[in-house]
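J.: sequence and computational prediction follow.
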Amino acid sequence: MTVRPSSAIAAIGIAALLASAGYAVAQSGGAGSKAGASEDAGNSSGSFEVGGVDVDVRGKSAEAARLGGWRLAQRKGWSMLSKQLTGSPSTLSDSALDGLVTGIVVEREQIGPNRYVARLGVLFDRNRAASILGVGGALMRSPPMLVVPVQISGGAHRVFEGSSAFAEGWTRFRTGNSSIDYVRPNGSGPDRLLMNAGQVSRRGRGWWRSILDQYGATDILIPTVELRRSYPGGPVTGIFTAGQGPDNRRLAQFVLRVNDGNAIPALIDAGIARIDKAYQDALRAGILKPDRLLVTEPPRPEVPLEESGTEEAIDTGETPAAATGSVITIQFDTPSVGALTSAEASLRVVPGVSSAATTSTALGGVSLMRVTYDGSQASLRAALEARGWQVQEGAGVLRIRRGGGGTAPAQPTPTTPAAGNDSDG
């Protein structure tokens, strides 16, 4: 339940927020590191996430209490992560935890003059935490799956047509602990045309194959929510369905309910977490498999040709140059314009790459690059891994990410609070 503090307490909370933001900058070494931490907290694809850490700390001031709460959350979160991955809790010093934590997620908080009560989430750097705990840092991952979130409200079906609370919820969702490789469009440019509410009911594999090629994915995930309001501002019931494939095969369905219409974001966030768990369970059970007709294009019928006349050779005096090299689609994260240009420059200097051009740009998401390489896809993967990239290989597609441990980890940074009440219907 979210508690709304009085105006005096709210003013103290704002002052504590600004002071603690400066504290994070001072520890991480500058505003650039703070911005990096914010991006990592929003995506967290390279982080272990521990949520539901409750803290209740008193201090000499609101600022001191809040910073003490964050310190306590780091210790509790590390103990919870250690128990989750190894079966037994462990402890680390505050200085060591400062080097592991990449972000603090504020789920719910109350700030008083000298007391801080909150429920927080903690993000830990995946590679460094895994090496300390002695576990594998890489989770079992699915092939790239294109997410098409459908929201049904008031009889209207929408994906990216106008504002959609469900699509915004998938943008907020952190995929750090998920084994599903989500490809999440941001809803701009051609997204609204290619992926609309009518497309999910079309079963033609040819058109779906064309869409998947644009985003570097191998299959489609169609999560759906139907919002039913009792009356304006009153209770809201959400019927969530986890669908997959061009046939929109149902993998799971459940119902959640909130008593306040303003708590729809919390309802959406809880539903998305349950849908992600359903997809992960289906992946472990071997049910979540790409449609074979989407992965392999069927052979085209042969058209007989009629030959007539006499074939004559024409000497032009020029020797035609044989076209060499293979065209490979590269899928890479582009949180900013600098990341886009840096990835292009890094690919162009790889030996054997004759051209590298971005064909689909999605700032804050996943962009696509078309690379012409004088060699096989396996040799290109080896060349990229030798240059520090993490590479996942698919049919004609390489998914690349920068390897962890090369940059200094960012320090705890608050993210946008989320409402804390949700209940099952």
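T.: That came in fine, so what should we check first?
J.: assumed residue 398 was part of a helix.
T.: No: under DSSP: H, G, I helix; E, B strand; the rest coil, residue 398 sits outside any helix and is assigned strand.
J.: counting neighbours, what do you get for it?
T.: 22 (other CB atoms under 10 Å). For glycine as for every other residue, the C-beta is placed from the backbone atoms N, C-alpha and C.
J.: check residue 343 too.
T.: For residue 343, using other CB under 10 Å, the count is 21.
J.: just residue 359 next, same as before
T.: 12.
J.: again, but for residue 334
T.: Residue 334: 22 neighbours (other CB under 10 Å).
J.: now residue 247
T.: Residues lying near residue 247 (other CB under 10 Å) number 12.
J.: got the phi/psi numbers for it?
T.: Taking degrees, to the nearest 10, you get phi -80, psi 0 for the backbone angles of residue 247.
J.: hang on, it packs against residue 204?
T.: No: Residue 247 lies out of contact with residue 204 (CB atoms under 8 Å); the separation is 11.1 Å.
J.: so which residue is dead centre in the protein?
T.: Centroid-nearest residue in the chain, with CA atoms, centre = their mean: residue 175, separated by 4.7 Å.
J.: state the distance from it to residue 121.
T.: Counting by CB to CB, to the nearest Å, the gap from residue 175 to residue 121 is 14 Å.
J.: in the stretch 1-150 of the chain, what residue spans correspond to helices?
T.: 7-28, 31-43, 62-86, 94-100, 126-133 (DSSP state H, counting those that start in this stretch).
J.: rank those helices by mean pLDDT and give me the bottom one.
T.: Note on the helices of the stretch 1-150 of the chain: helix 7-28 shows the lowest mean pLDDT, a mean of 35.
J.: can you tell me the SS state at residue 342?
T.: For residue 342, the assignment made with three-state DSSP gives helix.
J.: assumed residue 303 was part of a helix.
T.: No: counting by three-state DSSP, residue 303 is not part of a helix but coil.
J.: run a quick neighbour tally on it.
T.: Look at residue 303: counted by other CB under 10 Å, it has 5 neighbours.
J.: return the distance of it relative to residue 219.
T.: Distance from residue 303 to residue 219, by CB to CB: 31 Å.
J.: can you confirm the residue nearest to the centre of the chain is in a strand?
T.: No: per three-state DSSP, residue 175 lies outside any strand segment and is coil.
J.: parallel or antiparallel, which strands does the helix or strand where residue 242 lies pair with?
T.: Residue 242 is part of strand 236-244 when elements are defined by DSSP states H and E. The strands beside strand 236-244 in its sheet (DSSP bridges) come out as strand 219-229 (antiparallel), strand 249-258 (antiparallel).
J.: so what's the model's average confidence on stretch 173-181?
T.: Averaged over stretch 173-181, pLDDT sits at 79.
J.: same thing with stretch 384-396?
T.: 85.
J.: okay, buried residues for that stretch please.
T.: Going by neighbour count (16 or more other CB atoms under 10 Å), the buried part of stretch 384-396 is 384, 389, 391, 392, 394.
J.: now do stretch 360-369
T.: Buried residues in stretch 360-369, counted by 16+ other CB under 10 Å: 360, 362, 364, 365, 366, 367, 368, 369.
J.: what secondary structure does the second one sit in?
T.: Each residue gets one of three states, and residue 362 gets coil by three-state DSSP.
J.: distance of it from residue 103?
T.: Remark: distance between residue 362 and residue 103 (CB to CB) = 22 Å.
J.: the last one now?
T.: With the distance defined as CB to CB, residue 369 ends up 28 Å from residue 103.
J.: ok, the fifth one next?
T.: Between residue 366 and residue 103 the distance, using CB to CB, works out to 20 Å.
J.: what's near enough to touch residue 334?
T.: Going by CB atoms under 8 Å, 6 or more residues apart in numbering, residue 334 touches 340, 343, 361, 362, 363, 364, 365, 366, 367.
J.: any weak-confidence spans in the stretch 201-350 of the chain?
T.: For the stretch 201-350 of the chain, the stretches with pLDDT under 70 are 295-300, 305-325.
J.: where exactly do the helices run in it?
T.: Using DSSP H, counting those that start in this stretch, the helices of the stretch 201-350 of the chain run over residues 205-215, 264-284, 292-295, 337-348.
J.: nearest to residue 135, out of those?
T.: Across the helices of the stretch 201-350 of the chain, the minimum distance to residue 135, taken as CB to CB, is reached by helix 264-284, at 17.6 Å.
J.: buried ones in the closest one?
T.: Of all the residues in helix 264-284, those buried under the rule 16+ other CB under 10 Å are 264-273, 275-276, 278-280, 282-283.
J.: and that helix, what does it pack against?
T.: helix 165-172, strand 219-229, strand 236-244, strand 249-258 (3 or more CB pairs under 8 Å, 6 or more residues apart in numbering; DSSP states H and E).
J.: can you list the ones you listed in TSV and add distance to residue 294?
T.: Below are the helices and strands packed on helix 264-284 laid out as TSV (distance: least, CB to CB, whole Å):
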stretch	distance to residue 294
helix 165-172	21
strand 219-229	6
strand 236-244	11
strand 249-258	13
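J.: out of those, the one nearest residue 146 is which?
T.: When those are compared by CB to CB, strand 219-229 sits nearest residue 146, at 5.2 Å.
J.: can you check what angle separates the closest one from helix 264-284?
T.: Orientation check (axes from the mean of the first three to the mean of the last three CA atoms, to 10 degrees): strand 219-229 against helix 264-284 gives 150 degrees.
J.: residues of strand 219-229 that come out buried?
T.: 219, 220, 221, 222, 223, 224, 225, 226, 227.
J.: closest to residue 162 among those?
T.: Checking these against residue 162 by CB to CB gives residue 227 as the nearest, at 14.4 Å.
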